[in-house]
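> The following block contains a protein sequence and its predicted model.
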There are 2 protein chains.
Amino acid sequence: MTTPTVTTLNEVNVSQLMETIEHIKQDPNLARFKFQAHNEWLGGGRSETTIQSFYHAGKEDDSRQEPFYLEGDEPPVLLGQNTAPNAVETVLHALASCLAVGFVYNAAAQGIEVEALEFDLEGDLDLHGFLGLSDEVRAGYENINLTYRVQADAPRQKLEELCEYVQKTSPVVDIIRNPVPLSIELEA
Amino acid sequence: MTTPTVTTLNEVNVSQLMETIEHIKQDPNLARFKFQAHNEWLGGGRSETTIQSFYHAGKEDDSRQEPFYLEGDEPPVLLGQNTAPNAVETVLHALASCLAVGFVYNAAAQGIEVEALEFDLEGDLDLHGFLGLSDEVRAGYENINLTYRVQADAPRQKLEELCEYVQKTSPVVDIIRNPVPLSIELEA
């Protein structure tokens, strides 16, 4: 009897990563995910989102025993109570956490050991759009700047290539840089 | 001596909202915000974002005594440990919390009392993009569907118009539907 070798790097199970890629190559349907969320307004600028299951290859994933709760609010200058970050700050978090996963998983796949990884992000927003005071000012970020610092067991050139590759394959980078079809419906 | 009248609706200070709009009309610079976030990788797919201050009209806002901490992770099927929602689930939260604020603030400005407001969201994502297995499949959401239910003191027609207006002025709707310039730099 042979025991399968489990290779772990950066706390990523590289064997499982390779197997996942092989399985998807054999059955492309395994790559299909439907993520979902439910949000309820709590008063003022406050609301709470519940996230638990999602669909993978058409089946509901039941790995999460408890839901995650995420809250949104605004600071006082935007008429809120500072009980949680606001929506556009949360976008910066989504972007950073996506790049962290992408960088670390791809580094693991390439045999690069990551010692430390951190991101600083900032986004410029002009409230004329949100307040409906100008048709020329967009409602969302005018731009987002992100810098990252990496300590890893690889030459600078290799880390730059990895950084480029991760940008191209990051779901949240794609969502931010490119249009996503979004349908919004008010239920009858 | 007269006491200024404070009008509050939907837990939104409508007087402050109107004053904010007047101030911005007089000094457009007051509409300029720079939001920021810092993220650190924790191992595997896990990372933590710290959000505290932001810049408003060039000055740092110090209203938050403590930072907010947001975590990201992946479910086991995506090689994570389910300690937090993943990045694309967090995007759904950001979208819902943005629309909640927009709907409730604009309802308050129009004198509409909101009794209940909730959102259901889902987004389809094909992992071929993230895994670099196809150049034709985008990395991000192929589409996002959102439905909302509102109980409010207004006729259906008025709520539909409000819903339309809120979509046009929502920062996160704009970020999702339209391209945002994003610069990503690896620090030397």
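Looks like it arrived, so ask away.
> Help me confirm that A:Phe130 comes into contact with B:Val172.
No - applying CB atoms under 8 Å as the test, A:Phe130 and B:Val172 come out as separate, 10.3 Å apart. Every C-beta, even on glycine, is put in place using the N, C-alpha and C of the backbone.
> low pLDDT regions in chain A?
A:1-6 (pLDDT under 70).
> Repeat the analysis, applying 80 as the threshold.
A:1-6, A:188 (pLDDT under 80).
> Please enumerate the helices of it.
A:14-26, A:87-109, A:156-169, A:171-177 (DSSP state H).
> tell me the angle the longest one makes with helix B:87-109.
What separates the directions of helix A:87-109 and helix B:87-109 is an angle of 180 degrees, with axes from the mean of the first three to the mean of the last three CA atoms, to 10 degrees.
> buried set for helix A:87-109?
For helix A:87-109, the buried set under the neighbour-count rule, 16 or more other CB atoms under 10 Å in any protein chain shown, comprises A:87-109.
> Please list which of these also come close to chain B.
Counting by CB under 8 Å from any CB of the partner chain, A:87-105 from those sit close to chain B.
> Measure how buried A:Asp174 is and give me the count.
21 (other CB atoms under 10 Å in any protein chain shown).
> How about the contacts made by the nearest residue in space to it that is not next to it in sequence?
Leaving out its chain neighbours, the residue that sits closest to A:Asp174 by CB to CB, 6 or more residues apart in numbering or on different chains is B:Gly140, at 3.4 Å. Residues near B:Gly140 by CB atoms under 8 Å, 6 or more residues apart in numbering or on different chains: A:171-175, A:178, A:180, B:88, B:125, B:129.
> What of A:Ile184?
Contacts of A:Ile184 by CB under 8 Å, 6+ apart are B:99, B:146-148, B:163, B:167, B:173.
> contacting residues for A:Glu129?
Rather than Glu, residue A:129 is Gly. A:Gly129 touches A:137-140, B:169, B:171, B:174, counting by CB under 8 Å, 6+ apart.
> distance of the closest residue to it other than its chain neighbours from B:Pro171?
Residue nearest to A:Gly129 in three dimensions, not counting chain neighbours: A:Ala139, with 3.6 Å by CB to CB, 6+ apart. With distances taken as CB to CB, to the nearest Å, A:Ala139 is found 5 Å from B:Pro171.
> shared neighbours, those two?
Common contacts of A:Ala139 and B:Pro171 (CB under 8 Å, 6+ apart): A:129-130.
> Tell me the spacing between the nearest residue to A:Glu60 once chain neighbours are set aside and A:Phe35.
Of all residues not flanking A:Glu60 in the chain, A:Ser53 sits nearest, at 5.2 Å (CB to CB, 6+ apart). Distance from A:Ser53 to A:Phe35, counting by CB to CB: 9 Å.
> Compare those two (neighbour count), which wins?
Using other CB under 10 Å as the criterion, A:Ser53 and A:Phe35 rank with A:Phe35 on top: 24 against 15.
> Tell me if I'm right that that one and B:Ala87 touch.
No - counting by CB under 8 Å, A:Phe35 does not reach B:Ala87; the two are 10.0 Å apart.
> contacting residues for the closest residue to A:Asp27 other than its chain neighbours?
Nearest non-adjacent residue to A:Asp27, counting by CB to CB, 6+ apart: A:Ala57, 7.8 Å away. Shown in contact with A:Ala57 (CB under 8 Å, 6+ apart): A:27, A:29-32.
> switch the cut-off to 6 Å
Shown here is A:Ala57, whose contacts under the criterion CB atoms under 6 Å, 6 or more residues apart in numbering or on different chains are A:29-30, A:32.
> and A:His128, how far is that from A:Ile175?
Taken as CB to CB, the span from A:His128 to A:Ile175 is 24 Å.
> Between those two, which has more neighbouring residues?
Comparing A:His128 with A:Ile175 by other CB under 10 Å, the one with more neighbours is A:Ile175, at 27 against 20.
> you'd agree A:Val114 is up against A:Ala152?
Yes - counting by CB atoms under 6 Å, A:Val114 touches A:Ala152, with 4.7 Å between them.
> Comparing those two, which shows the higher neighbour count?
A:Val114 (23 against 19).
> Pull the number of nearby residues for A:Thr50.
14.
> can you tell me how far the residue nearest to A:Asp27 sits from B:Asn13?
The gap separating A:Ala57 from B:Asn13 is 48 Å, by CB to CB.
> same check, this time on A:His93
For A:His93, the distance to B:Asn13 - CB to CB - is 27 Å.
> before we move on, what about A:His128?
For A:His128, the distance to B:Asn13 (CB to CB) stands at 20 Å.
> same check, this time on A:Tyr148
A:Tyr148 sits 39 Å away from B:Asn13, going by CB to CB.
> quick one, which of those two is more surrounded?
A:Tyr148 (22 against 18).
> Correct me if wrong: that one contacts A:Phe119.
Yes - using CB under 6 Å, A:Tyr148 makes contact with A:Phe119 at a distance of 4.8 Å.
> Neighbours of A:Val12, how many?
24.
> hang on, I meant A:Gly44
22.
> swap in A:Gly111?
By other CB under 10 Å, neighbour count at A:Gly111 equals 11.
> what's across from the residue found closest to it once you drop the neighbours it is linked to in the chain in the sheet?
Once flanking residues are discounted, A:Gly111 sits nearest to A:Leu9: 6.9 Å by CB to CB, 6+ apart. Beta bridges link A:Leu9 to A:Val12 when assigned by DSSP bridges.
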